[in-house]
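[1] My questions concern the predicted model and sequence given below.
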Amino acid sequence: MGAPKSSSYFEGSSLDGGSITLTNQRNAGVCTYTTGDNVCADVTSVQSKSNDVVGETVCMSGWATGYKCGTLRDRDVTVNASGVHLYHQRQWSDKVNFGDSGAPMFNGGLAKGVMSSMDVNTQIGYYSHIGYLASYFSGFSVATTSNCC
């Protein structure tokens, strides 16, 4: 699909993410697959950093865990991810597994973020808000559609 372009995983960052240069756009999609049955949802909008509310529904479609929904527990957590401090992470209410990093976080068609890390004792997940992706990577945008599925 593409080659690595840049990464933001470093001490003091507000984002654990990366970007790629697409070499074959026909393999790039704007759909978030949400169930093991390949039922998908259109990505129709992107949440602003200031618009998330503790208690709101947040869903994930992870490689290891699959599709599940929980709630936003905290909007501003500092996480120690393997010795690297990541700031302004969102705490999710549900457990994740190794292999879920990079999973999309969403609610219906609203893109919310990218799964970043977990507390190894509780397996509670933390994600980087999608607004930090837009702030960090120049030229970043989320493709939206209303006719994916």
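    Good, I have the coordinates. Owing to the predicted nature of the structure, the values given are computational and were not obtained by experimental measurement. Numbers count the residues shown, from 1 in each chain.
[2] Verify the stated contact: Thr44 with Gly109.
    Yes. Using Cβ atoms under 8 Å, Thr44 is in contact with Gly109, at 3.6 Å. Backbone N, C-alpha and C define where each C-beta goes, glycine included.
[3] which strand in the chain runs the most residues?
    With residue count as the measure and DSSP state E as the assignment, the chain has strand 66-81 as its longest strand.
[4] That one pairs with which strands, and in what direction?
    Strand 66-81 sits in its sheet next to strand 57-62 (antiparallel), strand 84-95 (antiparallel), going by DSSP bridges.
[5] Output these as TSV; include the columns mean neighbour count, distance to Ser50 and mean pLDDT.
    Output for the strands paired with strand 66-81, formatted as TSV (neighbours: other Cβ atoms under 10 Å; distance: least, Cβ to Cβ, whole Å; pLDDT from 0 to 100):
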stretch	mean neighbour count	distance to Ser50	mean pLDDT
strand 57-62	21	16	90
strand 84-95	19	12	89
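[6] Of all those strands, which one is nearest Tyr127?
    Proximity to Tyr127 (Cβ to Cβ) singles out strand 84-95 among the strands paired with strand 66-81, at 5.1 Å.
[7] model confidence over the helix or strand following that closest one, on average?
    Next in sequence after strand 84-95, counting helices and strands by DSSP states H and E, comes strand 104-107. Across strand 104-107, the average pLDDT comes to 88.
[8] Can you name every helix or strand that strand 104-107 contacts?
    strand 57-62, strand 110-118 (3 or more Cβ pairs under 8 Å, 6 or more residues apart in numbering; DSSP states H and E).
[9] so what secondary structure elements neighbour the longest one?
    Applying 3+ Cβ pairs under 8 Å, 6+ apart, we find strand 110-118 packed against strand 45-46, strand 57-62, strand 66-81, strand 84-95, strand 104-107, strand 124-129, helix 130-136.
[10] what angle separates the longest strand of the chain from strand 110-118?
    Taking axes from the mean of the first three to the mean of the last three Cα atoms, to 10 degrees, one finds strand 66-81 and strand 110-118 inclined to each other by 60 degrees.
[11] Alpha carbons of strand 66-81, as PDB, please.
    Taking Å, rounded to 0.1, in the frame of the first residue of the first chain, the C-alpha atoms of strand 66-81 are listed here in PDB:
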ATOM      1  CA  GLY A  66     -11.800  -7.200  17.100                       C
ATOM      2  CA  TYR A  67     -14.800  -4.900  17.300                       C
ATOM      3  CA  LYS A  68     -15.900  -3.600  20.700                       C
ATOM      4  CA  CYS A  69     -17.400  -0.400  22.200                       C
ATOM      5  CA  GLY A  70     -16.700   1.200  25.500                       C
ATOM      6  CA  THR A  71     -16.700   4.800  26.900                       C
ATOM      7  CA  LEU A  72     -14.200   7.600  27.200                       C
ATOM      8  CA  ARG A  73     -13.000   7.700  30.800                       C
ATOM      9  CA  ASP A  74     -10.500  10.600  30.700                       C
ATOM     10  CA  ARG A  75      -9.500  13.200  28.100                       C
ATOM     11  CA  ASP A  76      -6.000  14.100  29.400                       C
ATOM     12  CA  VAL A  77      -3.800  11.200  30.700                       C
ATOM     13  CA  THR A  78       0.000  11.000  30.600                       C
ATOM     14  CA  VAL A  79       1.000   7.400  29.700                       C
ATOM     15  CA  ASN A  80       4.300   5.800  30.100                       C
ATOM     16  CA  ALA A  81       4.500   3.500  27.000                       C
END
